[in-house]
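>>> The sequence and its predicted three-dimensional model are supplied below.
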Amino acid sequence: MEVDVLILGRGIAGAVLAECCRARGLSVHVFDHKRPGNATMAAGGAVNPVVLRRDTPCWRASGLMPAASSFYRAWDARAGNSSWKDCTLIKVFGNPKEAVQWEQASAKPEGAPFLISRTEPEIDQGPFRAPHGYGTVVQAGRLDIPALLAAQREELLRGNALTECEVQPHEVRSGPGCVRVGAAKGKWLVRCTGPFLEGPGLSLVKGETLTVRIPGLQLSGMVHGAIGILPAGNDLFRVGATFKWTNVWEGPTEAAQAWMLARLAELVEAPVEFVETHAGVRPAARDRKPVLGITGEREAVLNGLGARGVMQAPWCAMHLLDHLIDGKPLDSEVDCRRFA
Ligand SMILES: Cc1cc2nc3c(=O)[nH]c(=O)nc-3n(C[C@H](O)[C@H](O)[C@H](O)COP(=O)(O)OP(=O)(O)OC[C@H]3O[C@@H](n4cnc5c(N)ncnc54)[C@H](O)[C@@H]3O)c2cc1C
């Protein structure tokens, strides 16, 4: 089997890269084995262009956010999925100082396109506790990651373009003009191995989320107060997340579950049924920017998506292909060689 691009890892990075290759007419073969701790299966799918601690747009939000929404919409339209939804994120202020910070940030030119103050009936008439008020982040979205990845899996399997196995280091052999993974041969191998990346630059951050049932709660978008909550359909909601920099591979813990349920009780005054817990490891770069570029003979990397994988993956995948296939220069801010 001979293809243009071999992809190692099919979390959100590898999945998006595979779809970008398809859109450019490049053939792919993807290898993936779901290791415990992989990031994408723990992610809620929130797409938030704002750093809520400071009420400032996150890195390159004004370019990355439109790139992400148009990419996922186009993918949905092509494949007949409905995984992407434009929605708002309502920030519930924890104290009066946060309300003042919001007012100041939303008056600045960089904040104004994302931050607005308006009445939100779902907060005012729902069971949310918001004594200090709230603000609305517009240009946000959410992605049904499990549905999108499941649909892509079927499509790749039908096209004989996916092998679900653990790839051992000795199976990868690169040489002039081509690279091989087992019997598969490609012009490029892109490693999208998330927190399992071997090499410098990553600073791993464990995270946990919960799925809970809150019967009757009406919520069309996302809410973030003491904790974040987003609708997952059928009275189910995703709640989270935690951030932990030590013992990142330990898996779900009762302490994190109890902490998230306590924060949820601060935000929502309604009976909550625990459904399940999810744990994963965010592949964050030391400088919190993506990690892209050529790492060896016919080998490249797409990683460092950190806590914003859904928003960053489309721009990163397109930028990496521009570099690998068309020879365009790589943006120095994301170049993997900064950690060499
Ligand atoms: C709790 C939590 C909540 C989050 N919530 C959000 C959110 O709401 N919105 C958002 O945008 N981001 C969120 N994130 C961040 C997001 O999950 C990551 O940015 C993203 O998933 C990283 O994707 P990835 O493809 O780089 O890595 P991964 O998802 O880890 O994918 C790497 C894949 O490669 C496979 N692999 C590695 N080595 C091999 C090998 N040798 N052979 C075969 N397969 C291999 C792994 O098993 C895995 O399947 C969250 C993260 C966590 C932990």
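Looks like it came in fine.

>>> From now on I want contacts and neighbour counts done on CA atoms only, so please keep to that.
Will do.

>>> So which bits of stretch 198-217 are buried?
201-214, 217 (16 or more other Cα atoms under 10 Å).

>>> Mind jotting down where the helices sit in the stretch 101-250 of the chain?
121-124, 145-158 (DSSP state H, counting those that start in this stretch).

>>> Just put these in JSON lines and tack on mean pLDDT, distance to the ligand and mean neighbour count.
Shown next, in JSON lines, are these (pLDDT from 0 to 100; distance: least, Cα to the nearest ligand atom, whole Å; neighbours: other Cα atoms under 10 Å):
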{"stretch": "helix 121-124", "mean pLDDT": "96", "distance to the ligand": "21", "mean neighbour count": "14"}
{"stretch": "helix 145-158", "mean pLDDT": "98", "distance to the ligand": "9", "mean neighbour count": "16"}
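
>>> what's the closest of the ones you listed to F31?
For the helices of the stretch 101-250 of the chain, distance to F31 was read as Cα to Cα. The smallest value, 10.7 Å, belongs to helix 145-158.

>>> Spell out for me which residue occupies the centre of the chain.
Nearest to the mean C-alpha position of the chain, by Cα atoms, centre = their mean, lies G309 at 2.6 Å.

>>> Tell me which residues touch it, please.
12-13 (Cα atoms under 8 Å, 6 or more residues apart in numbering).

>>> Mind doing that once more with 10 Å?
11-13, 39-40, 43, 45-47, 194, 282-284, 290, 303, 316 (Cα atoms under 10 Å, 6 or more residues apart in numbering).

>>> For it, give me phi and psi.
phi -60, psi -40 (degrees, to the nearest 10).

>>> From P127, how far off is it?
31 Å (Cα to Cα, to the nearest Å).

>>> go on, W249?
Shown here: W249 relative to P127, a distance of 36 Å by Cα to Cα.

>>> nearest to L267, of the helices of the stretch 101-250 of the chain?
Here helix 121-124 is closest among those (Cα to Cα), at 10.5 Å.

>>> Which positions in the stretch 151-300 of the chain make contact with the ligand?
Residues of the stretch 151-300 of the chain that fall close to the ligand, judged by Cα under 6 Å from any ligand atom: 165-168, 192-196, 206-209, 241, 279-282.

>>> Swap in 8 Å and give it another go.
Residues of the stretch 151-300 of the chain lying near the ligand by Cα under 8 Å from any ligand atom: 164-169, 192-197, 205-209, 240-243, 278-284.

>>> now the residues you listed: which count as buried?
Buried among those by 16+ other Cα under 10 Å: 167, 192-197, 205-209, 240-242, 278-284.

>>> Out of the residues you listed, list just those in strands.
In strands, judged by DSSP state E, the following of these are found: 205-209, 240, 278-282.

>>> Make CSV out of these and add distance to A67.
Below are those laid out as CSV (distance: Cα to Cα, whole Å):
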residue, distance to A67
V205, 26
K206, 27
G207, 26
E208, 27
T209, 26
G240, 25
H278, 28
A279, 28
G280, 26
V281, 25
R282, 22
